[in-house]
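**Q** Sequence below, structure please.
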Amino acid sequence: MKPKFRFITAFICLMIMDIMAIFSTWFWVVNIIYIIFLFTAVWMFRKKYKKFNTYLFIFIGFSGLAFLARIFETAWYFNQVSLILLTIAYLALIMESVKYIEMKNASNYMLLYFTLIVGINAYLLGIHVFDLRFYLSSGLDYGIYIFYYINLLILGIFGFIYYLNSYSKKAVYFVSLILALIFAEVLRDMGVFYMQDPSVEVAEAILRLAVALFAVLFFITKEKKLHLINMI
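**A** Residues are numbered from 1 along each chain as shown. Next comes the predicted model:
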């Protein structure tokens, strides 16, 4: 069996196990599956990258530790520790994307479009974080959530700039992982604070696996411009 089909088979099997674990309320299994899938993706694509990438291993290490901490979420502080660890992991994504961003002159239309997109997303995330204050027990918890979502917003801004700047396959992977990540985080908060619905948790688990896959593909893919016609 070719590596590609082995990976697809592994992805489907883990996704099915993920769904079964959610309906069985074995959420610790869901976190373990994410860790297994993340390291499986790195192992499957290990031949694609030739040299040690510090940011890749920072992302893998801190993401793995974050979801390991979530296994012990019955103690409140493990959830906050996981958010701090994920913040460090996402900083590695930002630093990796910065290496490929070149500042170029943009038209007024593109600047307006960029400002509107960033403003709308910042507003929506701001409303979400503002509503969380009613469900958190302390100011420290709320401060950690604010810091975490600011980091997510910065990640989204860099992803959008990178995509508009490049249009490469690497940029597509990056913006795809950011979109999956933001939706997964919002869905997780919905399941924790608003409503515990299996469909929400299944959607979050699938998006979480997509984040791991797109992150690995982003790191191992070489920057190569796509031949696209300029939109503006």
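**Q** Please name the residues that touch the residue nearest the centre of the chain.
**A** Taking CA atoms, centre = their mean, the centroid of the chain lies closest to residue 181, which sits 3.3 Å from it. Listed by CB atoms under 8 Å, 6 or more residues apart in numbering, the contact partners of residue 181 are 90, 152, 155, 207, 211. Where C-beta positions appear, they are placed from N, C-alpha and C, glycine not excepted.
**Q** before we move on, what about residue 54?
**A** Applying CB under 8 Å, 6+ apart, no residues contact residue 54.
**Q** quick one: it from residue 158, how far?
**A** Distance from residue 54 to residue 158, counting by CB to CB, to the nearest Å: 18 Å.
**Q** repeat for residue 86
**A** 16 Å.
**Q** before we move on, what about residue 91?
**A** 11 Å.
**Q** quick one: contacts of stretch 32-49?
**A** With CB under 8 Å, 6+ apart, stretch 32-49 has contacts from 3, 6-7, 10-11, 14, 17-18, 21, 56, 60, 63-64, 67-68, 71, 205, 208-209, 212-213, 215-217, 219-221.
**Q** Sorry, wrong one. I was asking about stretch 124-139.
**A** So stretch 124-139 is contacted by 76, 142, 145-146, 149, 152-153, 182, 186, 189, 193 (CB under 8 Å, 6+ apart).
**Q** just the buried members of these?
**A** Among those, those scoring as buried are 142, 145, 149, 152-153, 182, 186, 189 (criterion: 16 or more other CB atoms under 10 Å).
**Q** still on that earlier bit, highest neighbour count among the contacts of residue 181?
**A** The most crowded member of the contacts of residue 181, judged by other CB atoms under 10 Å, is residue 211 (23 neighbours).
**Q** low-confidence ranges in this structure?
**A** 1-7, 48-52, 73-77, 102-111, 195, 224-232 (pLDDT under 70).
**Q** which parts of the helix ranked longest in it are buried?
**A** Longest helix of the chain, by residue count under DSSP state H: helix 139-166. The neighbour-count check on helix 139-166 (16+ other CB under 10 Å) flags 141-142, 144-145, 148-149, 151-153, 155-166 as buried.
**Q** following it, which helix or strand shows up next?
**A** Once the chain leaves helix 139-166, the next helix or strand it forms, by DSSP states H and E, is helix 169-189.
**Q** Would you mind getting the angle between that next one and helix 139-166?
**A** Angle between the axes of helix 169-189 and helix 139-166 is 160 degrees (criterion: axes from the mean of the first three to the mean of the last three CA atoms, to 10 degrees).
**Q** Please pull up the helix or strand immediately following helix 169-189.
**A** In the C-terminal direction from helix 169-189 (assignment by DSSP H and E), the next one is helix 198-220.
**Q** Show me how far that following helix is from its chain's centre.
**A** Distance, stretch centre to chain centre, for helix 198-220: 7 Å (CA atoms, centre = their mean, to the nearest Å).
**Q** Could you name the helices and strands sitting against that helix?
**A** Helices and strands in packing contact with helix 198-220 are listed as helix 3-23, helix 27-44, helix 54-70, helix 76-98, helix 169-189; criterion 3 or more CB pairs under 8 Å, 6 or more residues apart in numbering; DSSP states H and E.
**Q** Compare those helices and give me the one nearest residue 114.
**A** helix 169-189 (13.2 Å; CB to CB).
**Q** distance between the closest one and the chain's centre?
**A** 5 Å.
**Q** If I take that helix and helix 54-70, what angle do their directions form?
**A** 20 degrees.
**Q** now the angle from helix 169-189 to helix 76-98?
**A** Going by the same axes, to 10 degrees, helix 169-189 makes 160 degrees with helix 76-98.
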